[in-house]
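In: A structural model of the following input is requested.
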Amino acid sequence: MDGASPIARFFYIVLPHLSRAITIVILIQTIFLLSIFAEIFVTTGGAFGTRTLTYLIFQRVIDSQNIGLGSAGGVYAIILANIVAIFLMRIVGKNLDR
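Out: The predicted structure is shown next:
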């Protein structure tokens, strides 16, 4: 790409080659963020800025004694993780053809 700007080189050469790696990192980080609990509970005790879905499920089950809402939140977390995984795997699958 003679005469291409650095921005054009990034978007047309570098980014397409990194798309598989970026997709896998996003998938792994999403699964990790949906399962993180102990670090938040120990360090901040679930302050407003650090609440995640798993901490909210814990809070509903343990603090509020609302087992039904907690189990529904767990099912929601599993469905959300699967949707993200399927979406990202389809992106990776498209890039395998290239």
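In: So which residue is dead centre in this protein?
Out: T30 (1.7 Å; C-alpha atoms, centre = their mean).
In: what about the closest residue in space to it that isn't next to it in sequence, which helix or strand?
Out: Nearest non-adjacent residue to T30, counting by C-beta to C-beta, 6 or more residues apart in numbering: V84, 4.8 Å away. Where C-beta positions appear, they are placed from N, C-alpha and C, glycine not excepted. For V84, the enclosing helix or strand under DSSP states H and E is helix 67-96.
In: Would you mind confirming that the residue nearest to T30 makes contact with Q29?
Out: No: with contact defined as C-beta atoms under 8 Å, V84 does not count as touching Q29 (10.1 Å).
In: hang on, the earlier thing: for the helix holding V84, the distance to its chain's centre please.
Out: Remark: helix 67-96 is offset 9 Å from the chain centroid, using C-alpha atoms, centre = their mean, to the nearest Å.
In: With stretch 14-32 instead?
Out: With C-alpha atoms, centre = their mean, you get 11 Å for stretch 14-32.
In: Same question for stretch 38-50.
Out: With C-alpha atoms, centre = their mean as the basis, the mean position of stretch 38-50 lies at 18 Å from the chain mean.
In: what sits up against it?
Out: R51, T52, Y55, F58, Q59 (C-beta atoms under 8 Å, 6 or more residues apart in numbering).
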